[in-house]
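Colleague: mind looking at a prediction? Sequence and model below.
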Amino acid sequence: MEGRDSLHREASQEPVLRAKGLKKAYGKTLAVDGVDLEVYPGEAFGLVGPDGAGKTTTIKMLVGLIKPDSGSVTIQGQGLHKNLKAIKPVLGYMSQEFTLYPTLSVAENLRFFARAYRVPDAEERERTNELLAFSRLGPFRSRYAGRLSGGMKKKLALSCALIHTPKVLFLDEPTTGVDPVSRQDFWLLLYELLAQGVAILVSTPYMDEAERCNRVALMHQGRLLTTDTPRALCKASTSKIIELRGERAREAFFLLHQAQTSERAELYGQKLSVRVEDGQQDLKEELERIAEEKQLEVLQAPLLLEDRFVEILETKGHKKRPMPPGGLPFRQREKGKPCIEVEGLYKYFGDFAAVDGISFKVAQGEVFGFLGPNGAGKSTTISMLIGLLHASKGHMNVSGVDMLKTPETVKSRIGYMSQIFSLYGDLTVMENIELYAGIYGVTGGMFQERKRWVLGMTGLERFEGQMTRSLSMGYKQRLALGCALMHDPEIVFLDEPTAGVDPVSRREFFDLIAAMAEKGITVFVTTHYMDEAERCERIALMYSGKIIAMGTPDTLKAAKEVPNIVEVHPEDPIDAYNKLSKDGWEGGIHLFGERLHVSLDETKGRDEESLRRDLERFRIRMLEMNAVKPTMEDVFVAFILQHERMKNRGSSETSP
Amino acid sequence: MRIGPFELEHILAVANKEFREIYRDPRYIAFALACPIVLLLLYGYAITMDVQNLLTAYVDFNKTTLSARYIDRFASSRYFQVVKEARSRKELEELMERSEIRLGIVIPADFSRKLYNRKKAEVEFIVDGTWPNMANLAIGYVQAVNGAFNQGMLQSLFQRSGLVAPKSPEPIVVEPRVWFNEDLDSLNFIIPGLYAAIFMSFPPVLCALAIVREKEAGSIEQIYMSPISSESFILGKLIPQLTIAFTGLVLLALIGTFWFGVPFKGDPLLFFGLGALYLATTCGFGLLASSVTRTQVAAMIGTMILTMIPAFLFSGFFFPISNLAKQFILYSYLFSGRFFVVISRGIVIKGVHLDTLYPQVFGLLIYAAVIYGISFFVLRKRL
Amino acid sequence: MKRRLVLFSAQVYVLLKKEMLQFLRDKVLLFIVLFTFTANIVILGKAFTLEVKNVPTALYDMSKSYESRLLIEGFRASGRFRFVKEIDSLQEGDRLLSKGDISLIIAIPADFARNLRKGASAKVLLSTDGTDSNQALIALSYAASITGTFFTETLEERLSLLVPAMARGLVPQIEEKIRVRYNANRIEERQLSLMEMCRAAFAICVILTAASIVREKEVGTAAQLYVTPISKTTLLIGKIVPVIIIVMVALLIGTLFNIVFLDTPLRGNYMVFWVLSIPFLLFSVAIGLLLADFSRTFQQVLLGAFLLLMPIMFISGSLVPIETMPKALQQLTYFFPLRYYLNITMGVFFRGVGIGSFWADALIMTGLGLLAFSVSVWFFRKSLD
């Protein structure tokens, strides 16, 4: 069985893409430092890593947009840079930004690229219809691309990249910030292409998305740390994950922190997850002792790809830094009293309701998460809560301030860290700290104390004079947080604080959030990383301006809307996918490398029994089949679908 | 169909896409078309090079009928506007310090006595040199008025002395014959110059913007990935810009001719043909700016700094190229406006043809070849 | 009250420091500012000479007499005309004229001397290219004054021949004694370069201010600033003061370049100019703030600046004298401080006028500056709506 986790591939198969020793430097910084990789037909190859790891540069070199300093790229056996003109039509490429023309319609966008690739008229018509059907954009063919939703834009961009039927497809973070349903749709499109033998190289910052690929390469600081199937990668680890569950998980976390054994412990809301190496008997015992003391349940959990990534980074010397001792230099606040109260909040831009009547409450000291795709209204909501946008209507009370009446008064009580890096890149670390201290009027001894803390917390003690723009993402984010905390706010609003940050820095960041919550500071955080949502004590799922579900991560996962998921490991996954998804299981099958995830749905008569029946009917030989836990993404998808169903029912009732 | 790196099909595809985008962006069209018109109206009214009603004051220390008659010669000329009689030279100078007058006349106390005694009387004229152009004209006018007065005095002297009875009142008649711009209306000079100068600044900025936008949106990468050559792409992008600029030129020529009443003497076909060539060069300027600069901000600011004021001053629109100091002649070749200013004025005012304009046309062609050559070379190297 | 003042000054201090550091570290902006106040000024100053001299002239002398040669000598001696060619027919002259090779034809008819001797009207034909009406007029007035002198001289001569008693110099005549003030040799360069300095101060103020705000909007640091408790007036003061300081320094550099490289005279008190620049710059930065209020991207700022600055610069008297414009436009210029500022600049540099003549200009500029600043503060929102 072990062997089946690495890829099964006929020995005769030749890679369609082969890169050797790719290097690229920008000035002094080495963006890509010797990348070797091979991609085979019909394979999804994932390039996983944080922003700045070199993913985009690598892809641009692979498609010939950037000339490498050294190294070679071969596509279908031909050297890329010598035969660029001849090879171009074989390649499809979708860059990270939207590459559509917003004021051209769907059809016009497709037509433009058809002309660009000189697709003959007759073929163009056929191909366009095929792609529109495939991407389900047919009904929108005359809509301007700029007026499509984020997910539809991505699908259109993909269609444009496919107009000339390429053999190798390069996708640079195609689903970042896209809603989970669209992401699943998008992957369904990719499966079709894989089934046709197209080779796909896809980059992503999401570890959970990477698990859908046949093989993944973990990329960090311009190098590929390792390349293998996701499962083989995880199996190569010598660690196990031990979970401690219960209400007092956070206390347990701080016990570990005091004992200085917290560097492998991660707090996920009411769950403490600790990576324990096989030999670490003493740590295991300590965990058991703590579990008993804090009345926590002890469980074994599977090691995830991200854990493995972190583990590999540790061997490279990039370890999670423990928080500075002594905790935060802020006063302790009383927890539990209501601190944000929102009732029937709306925000219109023209006719468009960006925030469409939401209500929620957050208590002091709570870590509250807003989860949703780009354009769902997360940032708009935050902007209203901190007084950057005026609400169209509704009630909003933040830290005792009526935000519709006197929004300015709240500003000395809140801290905010925006989505994009919001410090001045052309000022040094120290100059930024001094600037915000000056603006908030933090002076004297208090300034000295907080400055020391910020430098210690960020690990920038010896880099005070460095320009902030030259810092890595992780440092930047922590420094931004430090500046936002300068005045000891009651609430901090973090708008996608960890987007694009490497996994170790992300973990450090969330340790800080836990420490803030411990001091009684309310943390309001938005994210589109599905797994990150589990770090929050409570989350609200936001979708098209509405909150479609709210609760602790565990209660949401256990909700009746969330389907059960069965993982099937067939001998020939593409064949199984083709058969099942065309006959009775449309839309319910997802390829995760060599395995299929099948969503069961009682209302459609899709239960485990019927799955077994169909597998037999199609003569799909199976190696393994077991139930898996739904991920946060599955939860979100389920609630979105439920929401759409309700809306459709609502509209069909009103319009007979 | 392809010529070198240019593929007709691709150029048309890009142009078609670009046209649609522009068509759906009314603000852009407004900016590109309304602004030249506004500038034409504004400058057409604001810039007059004829000096009329030159603000004048005088001190008359003589106070006789003769001195009054002399002053009256100025007052009745349309070139002078006598605003004040000052009581002292000091007052006159103060008026000038406050820019209330540009010309001061001082008539000495012995003015009439000297003249009756058939002597030379000296009248002092103080001219404000701040505007050299205006000062030059003022001096010319003063000399003309003075000369005429002198002639008149001589004439009457002859008559009174009865020495010679001249058969004609004026012994020398200067018969000026003005060509091309018969009524010497500076508007006729300025408006055709504006046809050239205004399009020195708009198309470059808009072209730079069009290319910058594509870079910013990231869609340019998708183009680089496709078989479209960068040359075809750029050309396709420029065609709509050229079309808009050309529409602007037609509108300006119509407004100039019918609203400002500047007669169009030459061949409109020739004018618009060469106009299109000229616009291609100014678009090329924007293209060059956006291809040699690394950041978009630099491209935009660079284009603006170069086109906003210098294009007006160095194109021969405002000052004749012949007034340019030698070491700056080369600088003026940075702006293709210098060729079209001559062409536009030649065709509109003089009605001349290619046989006279060929040096300028060659100039434009060489300019175009150089500017597009460099741009394409740089763009190709970038990839 | 005191605490608020302390907080205010601390806030202004950190903002000021931040803006200055950012400006000094932004190579592109730094280069642009330095270029406009140095090379740009010198180029404009050195490039032009505006006196009309050497009008390219063709000569068509049909008379070929003593008198005609005398007249021609008069033209030649004036130094205003450059004789390009002697021609034999008017057609040839017309051709040269339309080609632009010459701009004046002096034609002396065959009967010129005869008529002159008879006392009849002797004609001189001047054909000029009226394309550039200005140049044509100047050329014509030169010609008129030369024929006038010639005429007086011939008359005098004739008179003295007829009546020996009326010797030369006994003709009543007014001699004009022309004194040009301020820019005595009428060299355009000094004025062009000074005016360019004023225009540059205006444009740089507008663009720097608007850019520093809008770029913060673009990169997202604006949001971070806006959620702090800083008041919007403090924020805007922190934005405009550095720009004013930068441009004040740039003015010093520009003046230095003017004086060293262009021999621009400085007849008045420089401090008067420098200090009175402040209200003008205040207005300029306020325009920049307004522009920033209505722009979301740096591109919009530039296009807006382009639209706004070109006309203001043109009609404020920096390229054409205000009094030559139509009345309505003239009245409009009263709302543009550039008008007053140019007056002050020209006054201090050329005319050596003291502060006494400028108090009204200074007052109006300050008023307009404060008004524009208040309006821009009013429009400014510490929000992203």
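Modeller: Received the coordinates, thanks.
Colleague: give the contact list for the residue lying closest to A:Val523 once chain neighbours are set aside.
Modeller: Once flanking residues are discounted, A:Val523 sits nearest to A:Val367: 4.6 Å by C-beta to C-beta, 6 or more residues apart in numbering or on different chains. C-betas here are computed from N, CA, C, even on glycine. Residues in contact with A:Val367, defined by C-beta atoms under 8 Å, 6 or more residues apart in numbering or on different chains, are A:269, A:513-514, A:517, A:523, A:525, A:535-538.
Colleague: let's see it at 6 Å
Modeller: Counting by C-beta atoms under 6 Å, 6 or more residues apart in numbering or on different chains, A:Val367 touches A:517, A:523, A:536-537.
Colleague: so which of those residues is the closest to A:Leu388?
Modeller: Nearest to A:Leu388 among these is A:Val523, at 18.3 Å by C-beta to C-beta.
Colleague: the closest residue to A:Thr175 other than its chain neighbours and chain B: what is the separation?
Modeller: With sequence-adjacent residues excluded and distances taken as C-beta to C-beta, 6+ apart, A:Thr175 is closest to A:Arg183, at 4.4 Å. A:Arg183 is 21 Å from chain B, where distance means C-beta to the nearest C-beta, to the nearest Å.
Colleague: equivalent analysis for C:Gly238, please.
Modeller: Distance, C:Gly238 to chain B, by C-beta to the nearest C-beta: 22 Å.
Colleague: for my notes, confirm that residue occurs in a helix.
Modeller: Yes. Counting by DSSP: H, G, I helix; E, B strand; the rest coil, C:Gly238 is located in a helix.
Colleague: check contacts around it.
Modeller: Contacts of C:Gly238 by C-beta under 6 Å, 6+ apart are C:12, C:15.
Colleague: cool, and the one 3 residues further on?
Modeller: Counting by C-beta under 6 Å, 6+ apart, C:Val241 makes contact with C:Leu16.
Colleague: likewise for B:Arg24?
Modeller: Residues near B:Arg24 by C-beta under 6 Å, 6+ apart: A:Thr103.
Colleague: state the pLDDT value of it.
Modeller: The confidence metric pLDDT takes the value 87 at B:Arg24.
Colleague: cool, and A:Lys405?
Modeller: Note for A:Lys405: predicted pLDDT of 89.
Colleague: that one: neighbouring residues, count only.
Modeller: If you count neighbours by other C-beta atoms under 10 Å in any protein chain shown, A:Lys405 ends up with 8.
Colleague: how is chain B carved up into domains?
Modeller: B:2-48+B:185-382, B:54-161 (automatic domain parsing).
Colleague: what bridges to the residue lying closest to A:Lys271 once chain neighbours are set aside?
Modeller: Excluding the flanking residues, the one nearest A:Lys271 by C-beta to C-beta, 6+ apart is A:Arg245, at 5.1 Å. On the basis of DSSP bridges, A:Arg245 is bridged to A:Lys271, A:Glu297.
Colleague: what's the neighbour count on A:Arg245?
Modeller: So A:Arg245, with other C-beta under 10 Å, has 18 neighbours.
Colleague: what sits against it?
Modeller: By C-beta under 6 Å, 6+ apart, the residues touching A:Arg245 are A:271, A:296-297.
Colleague: equivalent analysis for C:Ile312, please.
Modeller: C:Ile312 is in contact with C:Phe336, counting by C-beta under 6 Å, 6+ apart.
Colleague: which ones are touching B:Pro203?
Modeller: For B:Pro203, counting by C-beta under 6 Å, 6+ apart, the contacting residues are B:245, B:279, B:282-283.
Colleague: how much space separates it from chain C?
Modeller: 13 Å.
Colleague: Three-state assignment for that residue, please.
Modeller: Look at B:Pro203: counting by three-state DSSP, its state is helix.
Colleague: low-confidence stretches in chain A?
Modeller: By pLDDT under 70, the low-scoring segments of chain A are A:1-12, A:98, A:324-326, A:651-656.
Colleague: and the spatially most central residue of it, helix, strand or coil?
Modeller: By C-alpha atoms, centre = their mean, chain A has its centre lying nearest to A:Tyr529, at 3.3 Å. Each residue gets one of three states, and A:Tyr529 gets coil by three-state DSSP.
Colleague: strands of chain C, start to end?
Modeller: Along chain C, counting by DSSP state E, strands occupy C:55-61, C:81-86, C:104-108, C:122-129, C:173-181.
Colleague: most tightly surrounded among the ones you listed?
Modeller: Looking across those with neighbours counted as mean count of other C-beta atoms under 10 Å in any protein chain shown, the highest average goes to strand C:104-108: a mean of 24.
Colleague: in its sheet, what does that strand sit against?
Modeller: With DSSP bridges as the test, strand C:104-108 is paired with strand C:55-61 (parallel), strand C:122-129 (antiparallel).
Colleague: could you check how far the last one is from the centre of its chain?
Modeller: Centre-to-centre, strand C:122-129 and its host chain are 34 Å apart (C-alpha atoms, centre = their mean, to the nearest Å).
Colleague: can you tell me which helix in chain A is longest?
Modeller: The residue-count maximum for a helix in chain A (DSSP state H) belongs to helix A:632-654.
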